[in-house]
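Engineer: Everything below, folded, please.
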Amino acid sequence: MISNRGPCTVKTSVHAVLALLLWLVAFASPPTLAQEAIPPRLQIGINLLPAVIAANKGLTNMPADGVVSIYIVYLANDHLAEQLRRSIGRIGLIKKRKLDTRTISIDKLLALDIKPMSTVFIAEPMEGRLDKLIEFSHTRRVLLFSPFKGDVGKGVATGFQVTDRVRPLVNLVSLQQSKIQLKAFFLRIAVKHE
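Structural biologist: Got it, this is the predicted structure:
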């Protein structure tokens, strides 16, 4: 019997399998002597980040030669942020658009007037600064992603949940406050925090 579930189901399955494969590849390659191993939750976050950015509906309104800005924000560990920047830089393109990936301290980020459609990846726990970062993402219409457990519940727009598998985790209220819309296929596979 042929299922009449439509192209969305196939697309969803492909994206889920792709995210899982990226995650597995990351653990299959050992770190070089020039870099330390990136902690597992951060590596999972890096692997999931392209799918989260690609799910942003605003990306389709960006010119084909547009650049996707990704800021890796840190509190104190600029070395780790730089490792993450290099790792994200290996992604190359997202939806045929080049990436501009930068590391930045939270204080410098909060002072910037960055354009909407940018993404902020949290590189380390923000220890009392998370509320300011969430407020910043809402007012600047920036997609905020955290690999740290509990941050999405506190108001970060996106992250992930690990159970028997890795699934994207989204905070619907925070997405709405940031005026960010994610594609329906992504929201179907994501765990939603309301």
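Engineer: going forward, measure contacts between C-alpha atoms and count neighbours the same way
Structural biologist: Noted.
Engineer: ranges for the helices of the chain?
Structural biologist: 7-28, 40-54, 78-89, 106-111, 130-140, 151-154, 172-177, 184-189 (DSSP state H).
Engineer: and the ones you listed, which one is worst for confidence?
Structural biologist: Among the helices of the chain, helix 7-28 carries the lowest mean pLDDT, a mean of 47.
Engineer: would you turn the helices of the chain into TSV with mean neighbour count?
Structural biologist: Output for the helices of the chain, formatted as TSV (neighbours: other CA atoms under 10 Å):
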stretch	mean neighbour count
helix 7-28	14
helix 40-54	20
helix 78-89	18
helix 106-111	14
helix 130-140	18
helix 151-154	20
helix 172-177	18
helix 184-189	16
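Engineer: In TSV, list those helices along with distance to residue 117.
Structural biologist: Shown next, in TSV, are these (distance: least, CA to CA, whole Å):
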stretch	distance to residue 117
helix 7-28	21
helix 40-54	9
helix 78-89	17
helix 106-111	15
helix 130-140	9
helix 151-154	19
helix 172-177	12
helix 184-189	17
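Engineer: Show me the one of these that comes nearest residue 123.
Structural biologist: With CA to CA, the closest approach to residue 123 among the helices of the chain belongs to helix 78-89: 5.9 Å.
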